[in-house]
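# no sequence on this one, just coordinates:
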Ligand SMILES: [Zn+2]
C-alpha cells in the first residue's frame, strides 16, 4: 500500500527525485560482535583509543560480510586498523571471523554472502599457498600504484603502516598526475574514507590511504592500473598526512609485510637506517627517498632485471658459464625473459652468490647472480 501511494505521489510530480531505499538495519548484536572481535585481535593500545566503524555490506538472516575498522583520531600518529569480516549466526549470536583468521577462510568457503571469486582469493590469504610464503618468493607482479610510464616522487621510503612500527610495509608516493591506480589486478574494498584495500592473487593485498575522491566499492574487480582515487591528505579514519600523497602498504597472508626486496614497477625498495629513509633499486640505479621513480610496469613472473652490480652491462654467453663464448651483452636495468635455467659457473652479485644461469628467450645465457628475479632458483624451470 505504501509503495502504491509513493508511486502515486511520484506520478503527481510531488517529489523531484525518487525516494532512496533505506538499507535494512544490521541484525541486533552483529556490530557489537564484530567490534568485540576487533578489540580482541588488535593491540590493546590501539583498541582503547580507537573508534569502531563496522560496515555491513551484505547480509541475510544467517550470514553477513563487510569491513571493520578501528579508526584512530585524525592527525594522530596512530593509523587505523581494518579487516574484512564474515559472520555466521549460530543460534542467538553471531560468530565473527576477521581477515587473517583461519575461520575467515573457513566461513567464507560456505557463506552465500561471499562470491566464488572472493572465495578463491580468500583461500590464498591464509598462507596455505607455499609459493606465497614470505622469504622465499619476492615476486609480486605489481606495478607502482600510478600510471605506467609516469614518474612520481618517493616521498617516504619503507616505513610502517603506522609510522615507524615494524614491519616497514609502506611507501609514501606523491606527485605526477596524482591519480592512484591499482598496483595489480584484484578485488577492491573501501575500508574507510580515503582507504582502499585490493586483495590480489598469491596471498598478496595492497592498501592505499589518504585518498581523495576514491572509489566506493565492496568487492569490485579491478585491473592493474584501475583508478582508485587521487592522492590526498584524508585522515578521517586516523593517521596524519602533511601533504598530498598515497600511503601505499603491502600485505601478504592478511598482514602487513616488509615491502623491502619486493618488486613494484621494476623497483626493489630497500630499508634505510630509519623509517621513511631507504631507497629503491632498478638494476644498479638507486633512488633514495625524495627521488623520482619511473613506473616501468610489472615484472613478469618469468622475467628478470639485469643488475650488473654497478656495471653498465652484462655479457651474454652461448652456454651456462664463463667458459662459453660471449654472445653480446645486455644493459644494466634491462628486462629479460627467462626460458629455462641450468647450473654453471658460480658468481657473486648484489643479491648473493649463485651457480644458476638463465637461458633467455633469445637463446643466450646470463648468470642469475647478476639479475633480480625475486626467486632464489629457476623462475621458469630447469632446461
Ligand atoms: Zn606513509
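Perfect, thanks for sending it. Because the structure is predicted, anything quoted here is derived from the model rather than measured.

# Identify the residue spatially nearest to residue 376, adjacent ones excluded.
If the residues on either side of it in the chain are set aside, residue 376 comes closest to residue 136, at 7.1 Å by C-beta to C-beta, 6 or more residues apart in numbering. Placement of C-beta: from N, CA and C, glycine included.

# Over to residue 208?
Distances taken as C-beta to C-beta, 6+ apart place residue 196 nearest to residue 208, at 4.6 Å, with adjacent residues excluded.

# mean confidence score for stretch 173-191?
For stretch 173-191, mean pLDDT rounds to 98.

# Stretch 263-281: which residues count as buried?
263-272, 275-281 (16 or more other C-beta atoms under 10 Å).

# does it come close to the ion?
No. Stretch 263-281 stays clear of the ion (C-beta under 5 Å from the ion), getting no nearer than 7.7 Å.

# from the middle of its chain, how far away would that stretch be?
Centroid separation for stretch 263-281 versus its chain: 16 Å, with C-alpha atoms, centre = their mean, to the nearest Å.

# Check stretch 222-235 too.
Between the centre of stretch 222-235 and the centre of its chain there are 12 Å (C-alpha atoms, centre = their mean).

# What of stretch 344-364?
Relative to where its chain is centred, stretch 344-364 has its mean C-alpha point 30 Å off (C-alpha atoms, centre = their mean).

# What lies in contact with that stretch?
Among residues not part of stretch 344-364, those counted as contacts by C-beta atoms under 8 Å, 6 or more residues apart in numbering are 281, 284, 304, 307, 309, 316-323, 327-328, 336-343, 365-373, 376-379, 383.

# Please, where are all the strands along the stretch 1-150 of the chain?
Counting by DSSP state E, counting those that start in this stretch, one finds strands in the stretch 1-150 of the chain at the ranges 51-59, 63-71, 81-90, 93-98.

# Arrange those strands in JSON lines, one row each, with mean neighbour count as further columns.
Formatted as JSON lines, the entries for the strands of the stretch 1-150 of the chain read as follows, by neighbours: other C-beta atoms under 10 Å:
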{"stretch": "strand 51-59", "mean neighbour count": "18"}
{"stretch": "strand 63-71", "mean neighbour count": "23"}
{"stretch": "strand 81-90", "mean neighbour count": "23"}
{"stretch": "strand 93-98", "mean neighbour count": "20"}
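
# For beta bridges, what are the partners of the residue in the stretch 201-350 of the chain positioned nearest to the ion?
Nearest residue of the stretch 201-350 of the chain to the ion, counting by C-beta to the ion: residue 247, 3.5 Å away. In this structure, residue 247 has beta-bridge partners residue 172, residue 209, where bridges are defined by DSSP bridges.

# for the nearest residue to residue 30 once chain neighbours are set aside, which residues make a bridge with it?
Using C-beta to C-beta, 6+ apart and skipping residues adjacent in sequence, the residue nearest residue 30 is residue 94, 4.9 Å away. Beta bridges link residue 94 to residue 89, judged by DSSP bridges.

# Please name the residues that touch residue 94.
The contact partners of residue 94, taken as C-beta under 8 Å, 6+ apart, are 27, 29, 30, 33, 34, 64, 87, 88.

# isn't the residue nearest to residue 376 right up against residue 252?
No. Using C-beta atoms under 8 Å, residue 136 is not in contact with residue 252, being 11.7 Å away.

# Between those two, which has more neighbouring residues?
In this view residue 136 and residue 252 are compared by other C-beta atoms under 10 Å, and residue 252 has more residues nearby, 23 against 12.

# How about stretch 310-330, which residues are buried there?
Burial within stretch 310-330, assessed by neighbour count using 16+ other C-beta under 10 Å, is assigned to 311, 314, 315, 316, 317, 320, 321, 324, 327, 329, 330.

# Now the third one: phi and psi?
Reported as degrees, to the nearest 10, the phi and psi values for residue 315 are phi -70, psi 140.

# Run through the neighbouring helices and strands of the helix ranked longest in the chain.
In terms of residue count, the longest helix belonging to the chain (DSSP state H) is helix 30-41. Helix 30-41 makes packing contacts with strand 51-59, strand 63-71, strand 81-90, strand 93-98 when contacts are defined by 3 or more C-beta pairs under 8 Å, 6 or more residues apart in numbering; DSSP states H and E.
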